[in-house]
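Q: give me coordinates for this.
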Amino acid sequence: MSVTGNIETFDPLAWGRPLKLEPVSEADYASIAEQLGRKPRALRAVAHRCPHGKPTVVQTNPRLADGTPFPTLYYLTNPRLCGLLGGLEASGLMREMTERLESDSELALKYQRCHDSYLAQRDEIESLGTQVSAGGMPIRVKCLHVHVGHALACGPNINPFGDEALERLADWPVKGCCG
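A: Sure thing, here's the model as predicted:
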């Protein structure tokens, strides 16, 4: 993002790019399959690892092998983190986040940019011909798993709700993150 006079420009491809994508090794594939309890689908890369080196987030193709759209670009695989996020979802946090979107224009702008960046990254791989991203973006918060996966893959200050959920679970990578 840059500012020229009073005109602000926003390049969604330059904002929120993954910090480090790694090829999926055979060991990663086996670990991800174990984490998910099934064969992984549409894998492109490992987008984040836990402190023990296990995949936490994978980047996926925009379509499954049979051509079915698969819009979740960053897929959270860590079962412990998924369980903790399920607890936050059950607490009503997503409803509270969505309500804040309606009353906080600055937050709504950050979330819109998050959505735009997500779409641009996915469309750079393959366009699905839709403005639907994932997790309810940009008008509501529907899935914390999507937002945390995005935040871990792209780094802080990209997905405000992913960052917030991670702050609430600050000790997840320390206390038994792999199991």
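Q: in this structure, which residue is closest to the centre?
A: Taking CA atoms, centre = their mean as the criterion, H150 is the residue nearest the geometric centre of the chain, at 1.9 Å.
Q: sketch out the low-pLDDT regions of the chain for me.
A: Counting by pLDDT under 70, the chain has low-confidence residues at 1-19, 174-179.
Q: quick one: the helices in it, in order.
A: In the chain, the helices defined using DSSP state H lie at 26-36, 79-90, 93-103, 105-125, 144-154, 160-168.
Q: of all those helices, which one comes closest to V58?
A: Comparison of the helices of the chain against V58 by CB to CB identifies helix 26-36 as nearest, at 6.3 Å. Where you see a C-beta, it was placed from the backbone N, CA and C, and this is true even at glycine.
Q: how about the helices of the chain in JSON lines, adding distance to L73?
A: Converted to JSON lines, the helices of the chain look like this (distance: least, CB to CB, whole Å):
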{"stretch": "helix 26-36", "distance to L73": "16"}
{"stretch": "helix 79-90", "distance to L73": "17"}
{"stretch": "helix 93-103", "distance to L73": "20"}
{"stretch": "helix 105-125", "distance to L73": "5"}
{"stretch": "helix 144-154", "distance to L73": "8"}
{"stretch": "helix 160-168", "distance to L73": "13"}
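Q: nearest to A42, of these?
A: In terms of CB to CB, the element of the helices of the chain nearest to A42 is helix 105-125, at 10.5 Å.
Q: so for the closest one, what gets flagged as buried?
A: 108, 110-111, 113-123 (16 or more other CB atoms under 10 Å).
Q: I139 contacts E102, correct?
A: No - I139 is not in contact with E102 according to CB atoms under 8 Å; the separation is 9.1 Å.
Q: buried residues of stretch 158-170, list them for me.
A: 158-166, 169.
Q: any chance of those residues in TSV, plus distance to L76?
A: Shown next, in TSV, are the buried residues of stretch 158-170 (distance: CB to CB, whole Å):
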residue	distance to L76
I158	15
N159	12
P160	17
F161	14
G162	10
D163	14
E164	15
A165	11
L166	11
L169	12
